[in-house]
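Q: return a 3D structure for these sequence lines:
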Amino acid sequence: MRIVLLPGLGADGRLFAPQLSKLAAVDVVELIEPLPGETLPDYATRLAGSIDWAPGDILGGASFGGMVAFEMARTLHPESVLLIGSAGSGREVAACLRALAPLARFISLGKLRRVRMLGRLLGRLLGATRKDHLDLFADMLSHSDGSLSKWAPGAILKWSPEPLVGTRVLRVHGAKDWIIPPPARVDLLVAGAGHLVNLTHPDEVNGFIERAMNS
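A: This is a model prediction of the structure:
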């Protein structure tokens, strides 16, 4: 059994370094460039068709990656999907960010993402405190796909999915996540953690993943 994980916006597979280094059978699938006018479900279906998938694998993702994984589950039919600091609909994203989402397509992250100080500041707002975590987030942001960052907020805003049928949804959340506040039902709520919970609190998250893979 594998667990296949998708990173969030502004991140890449390095986000899951604490899982890749400690857990067996973890694979990372990078996000792809969106097509013009594509919806989040269409994007997820296209990505699902491009990966190597086996029955029994667990699917999951962090932040936006979890939302994509949620929709990919309709195509791949995993027994479980793991949402790490993620959402089961666009309505679960913080109201202030939903209000700003329509402006995303007018903002050029191409210039902003090259300012490493901005990346470190954003990483701190997302819950990172260690220098290596802040440097990592800044570097991931500097190499991120600008077209994805422009498209995704609008796609999330329009995303109002039906519940998954036949797939167990597992939710891991940082108690201090202000990007996607913890929902009413959480399987693991990590005290003191923010949005980057799998990076900053790997022992708790890895332990939960191990239990999910063995259950």
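
Q: any idea how far R130 is from V197?
A: Note on R130: its distance to V197, by Cβ to Cβ, to the nearest Å, is 14 Å. Every C-beta, even on glycine, is put in place using the N, C-alpha and C of the backbone.

Q: of those two, which one has the most company?
A: With neighbours defined as other Cβ atoms under 10 Å, R130 and V197 compare such that V197 has more, 27 against 11.

Q: beta-bridge partners for the closest residue to the more buried one other than its chain neighbours, please?
A: In space, and not counting its chain neighbours, V197 is closest to G174: 3.9 Å by Cβ to Cβ, 6 or more residues apart in numbering. Counting by DSSP bridges, G174 is bridged to V190.

Q: look up how far G127 lies from the nearest residue to R130 once chain neighbours are set aside.
A: For R130, ignoring the flanking residues on the chain, the nearest one in space by Cβ to Cβ, 6+ apart is T200 at 7.6 Å. Between T200 and G127 the distance is 6 Å, computed by Cβ to Cβ.

Q: anything in contact with each of those two?
A: Common contacts of T200 and G127, defined by Cβ atoms under 8 Å, 6 or more residues apart in numbering, comprise G174, A193, G194.

Q: turn the residues you listed into TSV, including distance to I32.
A: What follows is the shared contacts of T200 and G127, written out as TSV (distance: Cβ to Cβ, whole Å):
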residue	distance to I32
G174	27
A193	28
G194	27
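
Q: by neighbours, which of those wins?
A: Within the shared contacts of T200 and G127, G174 tops the neighbour count with 30 neighbours, counted by other Cβ under 10 Å.

Q: that residue contacts N198, doesn't it?
A: No: between G174 and N198 there is no contact under Cβ atoms under 8 Å: 9.2 Å.

Q: where are the low-confidence patches of this protein?
A: Scanning the chain for pLDDT under 70 picks out 103-116.

Q: for the protein, just list every one of the strands.
A: Counting by DSSP state E, residue ranges of the strands within the chain are 3-6, 26-28, 58-62, 80-84, 168-174, 188-190.

Q: quick one: buried residues of the fifth one?
A: What it means is strand 168-174. Buried residues in strand 168-174, counting neighbours by 16 or more other Cβ atoms under 10 Å, are found at V169, L170, R171, V172, H173, G174.

Q: please name the residues that touch the last one.
A: Read it as G174. Counting by Cβ under 8 Å, 6+ apart, G174 touches 85, 127, 182, 189-190, 192-197, 200-201.

Q: go with 10 Å
A: Taking Cβ atoms under 10 Å, 6 or more residues apart in numbering, we find G174 in contact with 84-85, 126-127, 180-182, 186, 188-198, 200-201, 204-205.

Q: cool, the fourth one as well?
A: If you count contacts by Cβ under 10 Å, 6+ apart, V172 has them with 60, 62, 66, 82-86, 182, 186-190, 193, 197-198, 201, 204-205, 208-209, 212.
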